[in-house]
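Undergrad: all I have is the shape, not the residue letters:
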């Protein structure tokens, strides 16, 4: 059944024509639009949105019903995750659902695909005919139309989906904040889930990651959003792994993290009164949160806002100056790099970089490089069976005696003892007391 209305809030036939034209120029694929109830909007569909294969499937009431159910299922998942949902439909074709939301309100979706991402083979023909056998469509007809469908690689399908997502929100004027928040929440849960799986493999016992907390403070102070998010998600993964479903305890941990983020932002140059005001606002919001996914998104939003404040603080210019140095060290710590190399990447003199770096980070450049190398060595010692010699060279040292001495100075024990102690006790490493 086709919906009589030909428009949906935020998207008009004129908008659609512009979107479809630009999209087809880049990907040569047709588009199909529907409202929030899954009903097709004819004036916002490409003329060739249904290939002959799909028309054949929809020639029976059961086929039409299945296609409608497929659309609704895809939209439900896309709305929940805030992401383009790519699937193999009931008939065996690639189907991509791009969700349309205005703020946090689902209003419809655009579909693309209706193609294959592999060559037609006897196995594929058998699979498709098996899927459609209850529709009583002659197998030779199915096979004939199947061979006429376009073929796109998985990578191209993903590119097309993301391109349409950005294009649709740009042209339609829809407010993407709600959908982007859902997308960020989904990605965050995925990262946390991966970390929890790693924790299970290591079989480590509960210990709050104080060292990660210190690293998080450092990342917030310099406005490193990407690095801060990675560390935050690892901390959240550790907390959720050991306290699943305990909302009262999780909220207490989140309030602690909020305080830490606020303190880091103040150290990064943000006015303390502004941070106190923001903290009060976030604490008010946490009282109504009743699930751990929204709880994680809550602290992630706080992180984003605090880092934005660091960017705009009076020290933002200095932070911007040292960020290239941080990025260069993080990407090249496993190589033989010098102060000259780091300064060159930052477009500063060695003396100027050393001064600004120490002022902002409360640590020298060499000490920061050393800490990055030793942290990576710890990870390798616990997660691999590589020898200490191999790890020494893998983290940027070319002298094992120097590596061992440096490791012992920072951690309080030799690399070999660190591995034996933590693997035997089944514990996460603790920072050495100073």
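TA: Everything's here; your move. On a predicted model such as this, the values are computed, not experimentally measured, just so you know.
Undergrad: how about the helices in the stretch 101-250 of the chain?
TA: 122-132, 139-146, 154-172, 177-202, 210-221, 225-242, 247-267 (DSSP state H, counting those that start in this stretch).
Undergrad: list the buried ones in the first one?
TA: If I follow you right, that is helix 122-132. 125, 128, 129, 131, 132 (16 or more other C-beta atoms under 10 Å). To be clear about C-beta, it is placed using only N, CA and C from the backbone, and glycine gets the same treatment.
Undergrad: okay, those residues in CSV with distance to residue 170 and pLDDT next?
TA: Output for the buried residues of helix 122-132, formatted as CSV (distance: C-beta to C-beta, whole Å; pLDDT from 0 to 100):
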residue, distance to residue 170, pLDDT
125, 40, 93
128, 36, 93
129, 41, 92
131, 36, 92
132, 38, 92
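Undergrad: could I get these as CSV with distance to residue 417?
TA: Formatted as CSV, those follow (distance: C-beta to C-beta, whole Å):
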residue, distance to residue 417
125, 62
128, 60
129, 64
131, 60
132, 64
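Undergrad: stretch 191-199 - what's its average pLDDT?
TA: Mean pLDDT, computed over stretch 191-199, is 75.
Undergrad: how far is it from where the chain is centred?
TA: Chain-centre distance of stretch 191-199: 13 Å, with C-alpha atoms, centre = their mean, to the nearest Å.
Undergrad: quick one: buried residues of it?
TA: Neighbour-count burial for stretch 191-199 [16+ other C-beta under 10 Å]: 191, 192, 195, 196, 199.
Undergrad: out of the helices of the stretch 101-250 of the chain, which is closest to residue 103?
TA: helix 177-202 (4.7 Å; C-beta to C-beta).
Undergrad: packing partners for the closest one?
TA: helix 61-81, strand 94-102, helix 225-242, helix 292-311, helix 365-383 (3 or more C-beta pairs under 8 Å, 6 or more residues apart in numbering; DSSP states H and E).
Undergrad: return the most buried member of those.
TA: Most buried of the helices and strands packed on helix 177-202 by mean neighbour count (mean count of other C-beta atoms under 10 Å) is strand 94-102; its value is a mean of 25.
Undergrad: next, residue 118: phi, psi?
TA: phi -150, psi 160 (degrees, to the nearest 10).
Undergrad: same question but for residue 280, I mixed them up
TA: Per degrees, to the nearest 10, the backbone of residue 280 is at phi -60, psi -40.
Undergrad: can I get the helices and strands packed on helix 177-202 in JSON lines with mean pLDDT and distance to residue 277?
TA: Formatted as JSON lines, those follow (pLDDT from 0 to 100; distance: least, C-beta to C-beta, whole Å):
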{"stretch": "helix 61-81", "mean pLDDT": "93", "distance to residue 277": "33"}
{"stretch": "strand 94-102", "mean pLDDT": "93", "distance to residue 277": "30"}
{"stretch": "helix 225-242", "mean pLDDT": "82", "distance to residue 277": "21"}
{"stretch": "helix 292-311", "mean pLDDT": "85", "distance to residue 277": "11"}
{"stretch": "helix 365-383", "mean pLDDT": "91", "distance to residue 277": "32"}
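Undergrad: reformat these as a markdown table; add distance to residue 406.
TA: Converted to a markdown table, the helices and strands packed on helix 177-202 look like this (distance: least, C-beta to C-beta, whole Å):
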| stretch | distance to residue 406 |
| --- | --- |
| helix 61-81 | 45 |
| strand 94-102 | 51 |
| helix 225-242 | 23 |
| helix 292-311 | 31 |
| helix 365-383 | 6 |
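Undergrad: between these, which one is closest to residue 20.
TA: strand 94-102 (12.5 Å).
Undergrad: counting by contacts, list what the closest one packs against.
TA: Other helices and strands packing on strand 94-102, by 3+ C-beta pairs under 8 Å, 6+ apart, are helix 61-81, strand 85-88, strand 105-115, helix 154-172, helix 177-202.
Undergrad: please repeat the previous calculation with a cut-off of 6 Å.
TA: If contacts are counted by 3 or more C-beta pairs under 6 Å, 6 or more residues apart in numbering; DSSP states H and E, strand 94-102 sits against helix 61-81, strand 85-88, strand 105-115, helix 154-172.
Undergrad: now for the longest one, which elements pack on it?
TA: So the one you mean is helix 61-81. Against helix 61-81 (3+ C-beta pairs under 6 Å, 6+ apart) you get strand 85-88, strand 94-102.
Undergrad: closest to residue 300 out of those?
TA: strand 94-102 (19.3 Å).
Undergrad: that closest one versus helix 61-81: what angle between them?
TA: Calculated by axes from the mean of the first three to the mean of the last three C-alpha atoms, to 10 degrees, strand 94-102 forms an angle of 50 degrees with helix 61-81.
Undergrad: who does strand 94-102 pair up with?
TA: If you go by DSSP bridges, strand 94-102 pairs up with strand 85-88 (antiparallel), strand 105-115 (antiparallel).
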